[in-house]
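1. pasting the sequence and the predicted model now:
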Amino acid sequence: MFFLVAVALLLFLPSPWDLVGFTIALLVALGETLFWHRTVKGRRAAVGVENVIGSEARVLSACRPTGQVHLNGEIWEARCTAGVDPGQKVRVVGRRGLTLVVEQM
């Protein structure tokens, strides 16, 4: 974004302010790039079914003992020993394969 601002300043400001504005905007763009690179460099991508444990889901079909839940925009097969009706909220407590183990909240 700042690089586009730098180019716009270079084109539309009168001389010598065009070079001053371009240089400042370019330095800010470089600083922003280095800051974000340093911030996200050590992070690992949070993907996989392990990351849904502890999340809340909404029951779509009665879970007696198996049913379906809606979680993070996805529909998952779920197992609940207590039995839960559609529309209720549940918490994911584990998984067996790609079936989530849930309990009523």
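-> In hand now; what should we look at?

2. mind checking the SS state of the residue nearest to residue 21 when sequence neighbours are not counted?
-> Once flanking residues are discounted, residue 21 sits nearest to residue 9: 3.5 Å by C-beta to C-beta, 6 or more residues apart in numbering. To be clear about C-beta, it is placed using only N, CA and C from the backbone, and glycine gets the same treatment. Classification of residue 9 by DSSP: H, G, I helix; E, B strand; the rest coil places it in helix.

3. how about the contacts made by residue 9?
-> Contact partners of residue 9, counting by C-beta atoms under 8 Å, 6 or more residues apart in numbering, are 18, 21, 22, 25.

4. Serialize the residues you listed to JSON lines and add fields for distance to residue 96.
-> Formatted as JSON lines, the contacts of residue 9 follow (distance: C-beta to C-beta, whole Å):
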{"residue": "18", "distance to residue 96": "64"}
{"residue": "21", "distance to residue 96": "60"}
{"residue": "22", "distance to residue 96": "59"}
{"residue": "25", "distance to residue 96": "54"}
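
5. need those residues in a markdown table (columns: distance to residue 76 and pLDDT).
-> Formatted as a markdown table, the contacts of residue 9 follow (distance: C-beta to C-beta, whole Å; pLDDT from 0 to 100):
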| residue | distance to residue 76 | pLDDT |
| --- | --- | --- |
| 18 | 56 | 90 |
| 21 | 52 | 88 |
| 22 | 52 | 89 |
| 25 | 47 | 89 |
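
6. restricted to helices, list these.
-> Judged by DSSP state H, the contacts of residue 9 include 18, 21, 22, 25 as members of helices.

7. ok, longest strand in this structure?
-> strand 89-96 (DSSP state E).
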